[in-house]
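Asker: please find the sequence and the predicted model below.
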Amino acid sequence: MRNIYFDHAATTPLCEEAFNKMKPYFTEIFGNPNSQHAFGREAVKAVDEARDTIAKIINCKPNELYFTSGGTESDNWALRGTAHALSAKGKHLIISPIEHAAMLSTAKALEKEGFTVDFMKVDSEGFVDLEHLKSIIREDTTFIGCMMANNEVGTIEPIKEIAKIAHSRGAICFTDAVQAAGVLKIDVKDLGVDLMSMSSHKIYGPKGMGALYIRNGLLIDSIITGGHQERMKRGGTTNVAGVVGFAEAFKIADRDREKNFDYVSSLRDRFIDRVLAEVPFVKLNGPRKENRLPANADFSFKFIEGESILFSLDLAGIAVSSGSACSSGSLEPSHVLLALGLPEGLAHGSIRFSFGKHNTVEEVDYAVDVLKQAVERLRKMSPLFKAEGEIKNV
Ligand code: PLP
């Protein structure tokens with residue numbers, strides 16, 4: 001059976017270079033960076049070097065970079081930490097409706113504490129409506145947050161413009177760059193953001209590792225309180241091997257960024273072009289090619305559920321992801337596709353293919369062939385297709 005992985009937006013395999021660099025930090029160089037002896041100093045040196053490496057790539061000062069357990073923690077910290085720290089100024093927060101659950105759930109929790117959350121509108125391709133954003137900012141708005149690139153439909157947002165709007169109205173600007181870091185060129189000073197989340201396992205680094213850029217001077221409360229780690233802002237013994245692996249993976253992603261961007265985009269474009277030409281009743285979600293993540297191709301297939309396609313592809317050895325989230329036993333339509341204005345039926349039938357640097361053209365072609373057959377077979381069994389597709393011939 002084939003073993004094809006097209007789910008790189010969910011996670012990526014650890015790259016050889018990061019793995020090799022991490023190994024000694026599990027056994028030989030195992031000191032606690034907080035310890036006052038040679039073992040500790042060796043660990044501190046590795047953490048400092050890793051921090052310098054990532055800071056240089058995103059153009060911040062090393063002391064503006066804080067290591068976390070991943071994108072989820074960074075998102076939680078950015079939103080909750082600043083909402084609380086700035087609550088004397090105001091309790092109004094604005095985020096996009098297509099944020100990751102790490103942001104949406106945190107916003108919901110803050111609403112229970114008395115904060116008000118409003119959502120900026122997005123258009124049918126997922127781009128933020130900047131005029132609408134301007135119209136919903138209030139005197140008491142403290143936080144404006146929008147992801148740099150969407151994990152489901154791949155839309156790359158105008159973060160620089162959003163940051164300008166936020167600052168002109170006295171609010172801070174946050175971006176979740178979990179899907180963008182290591183893929184797009186990022187310069188936090190040029191973008192003008194105050195906070196930015198990153199995650200290691202999306203860029204061939206270890207899981208359970210991430211970082212939050214916090215502009216020097218920004219007021220933010222800690223959410224993980226404990227020891228003096230991360231300059232008193234984030235308690236917990238540093239995951240030294242994780243930090244080292246994250247920095248090495250980031251260094252390699254940055255070194256090969258343009259090459260990978262071009263190669264992965266070419267796989268995506270071949271896949272998109274073939275699917276649109278060869279599979280009937282299909283909709284590409286997100287922008288066609290411009291301002292779209294190189295790895296991402298997300299489609300809705302009319303008359304069938306995304307999950308049924310996912311399982312058919314899985315049986316043929318192809319790993320993809322369905323846009324809808326399975327919550328409390330019931331299949332919810334994708335909140336991202338609903339925000340883009342898709343009807344519930346189409347929001348249920350979406351599949352995300354996300355390509356990586358190890359994928360090949362041959363794998364892409366095989367997947368299109370399998371997909372065509374699976375869609376045809378599932379539609380034959382679909383009462384919806386019989387009722388609407390065949391009879392009305394839509
Ligand atoms: N933000 C975005 C846009 C993501 O895609 C993800 C993961 O899928 C996260 C946050 C959470 O990151 P992590 O898995 O490192 O907690």
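Answerer: Now that the structure is in, tell me what you want to look at.

Asker: and His132, how close does it get to the ligand?
Answerer: Distance from His132 to the ligand, counting by C-beta to the nearest ligand atom, to the nearest Å: 21 Å. Bear in mind the C-beta positions are built from the backbone N, C-alpha and C, glycine included.

Asker: okay, and that residue sits in which element?
Answerer: Element membership for His132, per DSSP states H and E: helix 130-136.

Asker: give the contact list for whichever residue of the stretch 201-350 of the chain sits closest to the ligand.
Answerer: Using C-beta to the nearest ligand atom, the closest approach of the stretch 201-350 of the chain to the ligand is made by Gly210 at 5.1 Å. Going by C-beta atoms under 8 Å, 6 or more residues apart in numbering, Gly210 touches 67-74, 178, 197-200, 246.

Asker: any chance of JSON lines for those residues, columns neighbour count and pLDDT?
Answerer: Shown next, in JSON lines, are the contacts of Gly210 (neighbours: other C-beta atoms under 10 Å; pLDDT from 0 to 100):
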{"residue": "Phe67", "neighbour count": "27", "pLDDT": "98"}
{"residue": "Thr68", "neighbour count": "27", "pLDDT": "98"}
{"residue": "Ser69", "neighbour count": "19", "pLDDT": "98"}
{"residue": "Gly70", "neighbour count": "23", "pLDDT": "98"}
{"residue": "Gly71", "neighbour count": "27", "pLDDT": "98"}
{"residue": "Thr72", "neighbour count": "19", "pLDDT": "98"}
{"residue": "Glu73", "neighbour count": "22", "pLDDT": "98"}
{"residue": "Ser74", "neighbour count": "28", "pLDDT": "98"}
{"residue": "Val178", "neighbour count": "28", "pLDDT": "98"}
{"residue": "Ser197", "neighbour count": "31", "pLDDT": "98"}
{"residue": "Met198", "neighbour count": "31", "pLDDT": "98"}
{"residue": "Ser199", "neighbour count": "29", "pLDDT": "98"}
{"residue": "Ser200", "neighbour count": "33", "pLDDT": "98"}
{"residue": "Phe246", "neighbour count": "29", "pLDDT": "98"}
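
Asker: cross-check those against the ligand and keep the overlap.
Answerer: Gly70, Gly71, Thr72, Val178, Ser199 (C-beta under 6 Å from any ligand atom).

Asker: the third one against Leu104, yeah?
Answerer: In this case it means Thr72. No: at 11.6 Å, Thr72 does not count as touching Leu104 under the criterion of C-beta atoms under 8 Å.
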